[in-house]
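A.B. asks: what would the 3D arrangement of this be:
(3 chains)
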Amino acid sequence: MLKAMEQPRPDAKLERILATVDSIPPGRVATYGQVALEAGLPRRARLVGSALANLGQGSEIPWHRVVGSPGRISPRPGPGVHRQRQRLLAEGVEVSATGKIDLERFGWRPG
DNA sequence: ATAATGACTTTCA
DNA sequence: TTGAAAGCCATTA
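C.D. replies: Reported below is the predicted structural model:
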């Protein structure tokens, strides 16, 4: 028998991560580490980044609501940073020209 | 199995 | 306050 089909869902973790990101309310932002923690995966901040990087264009996931620990949009190649800033501004989140966000005011607080 | 990589985080100068 | 260095860990090569 082929065990090629019985994959133990490598995506299971990513599913949880994406679900968590999807639960971030509009006008709020969460850090990568925070998302990982909420998804039940402590210390997996980088995995969250990978998951988002893997998203297609047409994804419904609000990836723009995820930022780095200091409340700053994580630098990356491409126009992603700019688009993220635009989307956040459109939601009413104050983003400085350098991509800084006040987590005290716009940080997501689960619970 | 070993090594390199990355949308991260924390620590230290 | 800023920037470099090390720590972390699943995914890829």
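A.B. asks: can you map out the helices along chain A?
C.D. replies: For chain A, the helices defined by DSSP state H occupy A:12-22, A:32-38, A:45-53, A:80-90, A:103-106.
A.B. asks: give me the local confidence score for the residue in chain A that DNA strand B sits nearest to.
C.D. replies: Residue nearest to DNA strand B within chain A (CB to the nearest atom of the strand): residue A:49, separated by 2.6 Å. Any C-beta I mention is one placed from the backbone N, CA and C, and that applies to glycine too. Per-residue confidence (pLDDT) for residue A:49: 96.
A.B. asks: dump the residue contacts of it.
C.D. replies: A:32, A:74 (CB atoms under 8 Å, 6 or more residues apart in numbering).
A.B. asks: go again using 6 Å as the cut-off
C.D. replies: Counting by CB atoms under 6 Å, 6 or more residues apart in numbering, residue A:49 makes contact with residue A:32.
A.B. asks: what does residue A:92 give?
C.D. replies: residue A:27.
A.B. asks: separation between it and residue A:40?
C.D. replies: Here residue A:92 is placed at a distance of 30 Å from residue A:40 (CB to CB, to the nearest Å).
A.B. asks: what does residue A:25 give?
C.D. replies: 20 Å.
A.B. asks: tell me the pLDDT of residue A:20.
C.D. replies: So, for residue A:20, pLDDT stands at 97.
A.B. asks: Provide the partner residues of the residue nearest the centre of chain A in its beta bridges.
C.D. replies: With distances taken as CA atoms, centre = their mean, the residue of chain A nearest its centroid is residue A:66 (3.6 Å). Following DSSP bridges, residue A:66 is listed with bridge partners residue A:30.
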